[in-house]
Each structure stands twice: as C-alpha cells, then as structure tokens.
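Student: Using only what follows, build the 3D model:
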Amino acid sequence: MIENIKDRYVFVQRNDEPTAIGIRSGPYDGVIISYGRVSFGKHETPEGNLPLQFEYTIVDNNGLQRESFGEEFFNLIGQILEDIIAEQLEEGDLQYVNSND
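Tutor: As a prediction, the model looks like this:
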C-alpha cells in the first residue's frame, strides 16, 4: 500500500489537451495518463462496497513497453483516482453526470 499517494502524482497540462496525471517515482515515473469515464459498479463486493470503474488512456508511456502496465499499474492509477475524487468531494468540486439523462 502506498503511504502518501499525493507524492506519487502531479497534474500536468500538455498543449490543448485536457488535464492529465503524471506519475512520479517508482517503476512508472514519467508516465502520463488521462482518465475517461468514471462510474461505480452495479453490484456490491462481499465487503459491501461498490467497485470503482474507470477508463483511462496512457498519454505518454515514457518508453515503457506495453507489458509493463499490468495489475500493479492499474491499482496505482485506481488509488490516484480515489484520492482525486476524495479531494474534490472535500472541496465541493465534484460534478455528477447521470448517463441515463
């Protein structure tokens, strides 16, 4: 488990693209991702939680091969997303869009 997830990422702006996330330190240092659609699963886990589901794009792989982006990477970017959502909830900046509208 990552002790302080905030130390592992930074917001980056590249050209006219939407804000992306730069990963800092560790095996994915320098990789830049962008999150897409974020939602919660429809069925609870055995622990009673709704799983977080999200789409992402690797904007810059920083020279890493595709095989490098496995479960560890997915868990890291999931933890980063959870941190961003928690911070936005605290600040009242989170916007909800119902895809059924």
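Student: Checking Phe54 next. Helix, strand or coil?
Tutor: strand (DSSP: H, G, I helix; E, B strand; the rest coil).
Student: Could you give the bridge partners of it?
Tutor: Beta-bridge pairing for Phe54 (DSSP bridges): Val38.
Student: number of nearby residues for it?
Tutor: 16 (other CB atoms under 10 Å). C-beta coordinates here come from the backbone N, C-alpha and C atoms, glycine included.
Student: same thing with Phe69?
Tutor: 16.
Student: can you check Asp16 too?
Tutor: Neighbour number of Asp16 under other CB under 10 Å is 5.
Student: Would you mind measuring from it to Asp83?
Tutor: Counting by CB to CB, to the nearest Å, the separation of Asp16 from Asp83 is 26 Å.
Student: same thing with Phe40?
Tutor: 16 Å.
Student: Comparing these two, which residue is more hemmed in?
Tutor: Neighbour count, other CB under 10 Å: between Phe40 and Asp83, Asp83 has more, with 16 against 12.
Student: right, and the more buried one touches Asp7 too?
Tutor: No - between Asp83 and Asp7 there is no contact under CB atoms under 8 Å: 10.6 Å.
Student: shared neighbours of these two, which are they?
Tutor: The contact sets of Asp83 and Asp7 do not overlap (CB atoms under 8 Å, 6 or more residues apart in numbering).
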